[in-house]
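Participant: pasting the sequence and the predicted model now:
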Amino acid sequence: MTEVPKTAIELAKRFEGFHRVPKADPGRAHPYICPAGYWTIGYGHLCDPKHPPINETEAEVYLARDLMTAFNAALRYCPVLATEPEARVAALVDFTFNLGAGRLQTSTLRRRVNQRDWAGAAIELRRWAYGGGRVLPGLVLRREAECVLLTLPSLK
């Protein structure tokens, strides 16, 4: 597999959305602070607070780059994914995109994935539902969507 699974792109767009802050400039996204306290723009792209507003096309370019970075990191830290169904790859790419490669690298989730312990990996995924020190309903939903993909029967 050499490209980001379409399911990962769909997950990222579903859970990130194209944020347009403020409402007075409807076609453009402005920097905002995400629930975890990071400056972001577009589809969850980390940015400087002074980043100029962007349109949806520019946001999609950032998203494609960010997802490719997450895809490469997920395969680097979880090499077993190279022979797993696309859905499992998508789940880990979305997790890595959302939380960063460093979180995957140091996680028990990584160990469970590399052991192909999919039930254990799903348990670990569900632990990552906090932002800013509290459980965020959106992250609970996102982790559940990732768990569904991770635990699908092994059909390639």
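Facilitator: Perfect, I can see it now.
Participant: low-confidence ranges in this structure?
Facilitator: The chain contains residues with pLDDT under 70 at 154-156.
Participant: now the helices for it?
Facilitator: Secondary structure of the chain, counting by DSSP state H: helices at 6-16, 56-77, 86-99, 101-105, 108-114, 118-126, 137-150.
Participant: got those as TSV, with distance to residue 29 and mean neighbour count columns?
Facilitator: All C-beta spots, glycine's among them, are computed from the backbone N, C-alpha and C. Below are those laid out as TSV (distance: least, Cβ to Cβ, whole Å; neighbours: other Cβ atoms under 10 Å):
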stretch	distance to residue 29	mean neighbour count
helix 6-16	11	19
helix 56-77	6	18
helix 86-99	17	26
helix 101-105	24	15
helix 108-114	30	19
helix 118-126	28	18
helix 137-150	18	18
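Participant: now the ones you listed in TSV, with distance to residue 47?
Facilitator: Formatted as TSV, these follow (distance: least, Cβ to Cβ, whole Å):
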stretch	distance to residue 47
helix 6-16	13
helix 56-77	8
helix 86-99	15
helix 101-105	18
helix 108-114	26
helix 118-126	26
helix 137-150	20
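Participant: out of those, which gets nearest to residue 23?
Facilitator: With Cβ to Cβ as the measure, helix 56-77 is the member of those nearest residue 23 (15.5 Å).
Participant: ok, now how distant is the residue lying farthest from the centre of the chain from residue 47?
Facilitator: Ranked by distance from the centre of the chain (Cα atoms, centre = their mean), the top residue is residue 24, with 28.4 Å. Computed as Cβ to Cβ, to the nearest Å, the residue 24 to residue 47 distance reads 20 Å.
Participant: circling back to that earlier point, among the helices of the chain, which is nearest residue 28?
Facilitator: Closest of those to residue 28 is helix 56-77, at 8.5 Å (criterion: Cβ to Cβ).
Participant: which residues touch stretch 68-82?
Facilitator: Contacts of stretch 68-82 from elsewhere in the structure, counted by Cβ atoms under 8 Å, 6 or more residues apart in numbering, are 1, 3-4, 8, 88-89, 92-97, 101, 104-105, 110, 113-114, 116.
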